[in-house]
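Peer 1: Sequence first, predicted model second:
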Amino acid sequence: MRMHNPPHPGEVLKEDVLPELGLTVGQLAEHLGISRPHLSRVLNGHAGISADMDLRLSEAFAQTPGLWLNMQASYDLWQAKLQRRKPVLPLRKAA
C-alpha cells in the first residue's frame, strides 16, 4: 500500500532517530563520516538521500540497504505528483 504524503527521510532522522539514540547532528555526522552542514541539509529536507548516504545509514543502523533510498523515492514521487504539468500521452505503435 502506498503512503499518503510520505515524510522526507531527513524528517524521520531528525524527529525519530536522533532523539531515540540521544545523538546530536554533529555526532551523527561524525559517525557517518560526512560534514555536519551536509547532514543538516538532509535533516531539514534541503538535500535528498543518495545511494552513498543510504549505505552509510544502513551500516550505522544495521539495516538492509535501500530503506532510506526507498523513503526518498516515495517522497520524491509524491512531490512530483503534486506539481501541475502537461500530461504525457501514451505512445502508440507505429503503423
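Peer 2: Sure, I can see it. This one's a predicted model, so the numbers in the text were calculated from it and none came from an experiment.
Peer 1: Quickly note the distance from residue 71 to residue 22.
Peer 2: Here the criterion is C-beta to C-beta, to the nearest Å. By it, residue 71 lies 22 Å from residue 22. Just so you know, the C-beta spots here come from the backbone N, C-alpha and C atoms, and that holds for glycine as well.
Peer 1: of these two, who's got more company?
Peer 2: More neighbours surround residue 71 than the other of residue 71 and residue 22, with 22 against 7 (other C-beta atoms under 10 Å).
Peer 1: Name all residues that make contact with that one.
Peer 2: With contacts taken as C-beta atoms under 8 Å, 6 or more residues apart in numbering, residue 71 has the following neighbours: 6, 7, 9, 12, 49.
Peer 1: Looking at these, which one is closest to residue 77?
Peer 2: residue 6 (8.6 Å; C-beta to C-beta).
Peer 1: just to revisit the earlier point, and the contacts of residue 71, which of them are in helices?
Peer 2: The helices in this structure, assigned by DSSP state H, contain 9, 12 from these.
Peer 1: and of the contacts of residue 71, the nearest to residue 85?
Peer 2: Within the set of those, residue 6 lies nearest residue 85; the separation is 20.1 Å, counting by C-beta to C-beta.
Peer 1: Can you tell me the number of residues neighbouring that closest one?
Peer 2: Counted with other C-beta under 10 Å, the burial measure for residue 6 works out to 19 neighbours.
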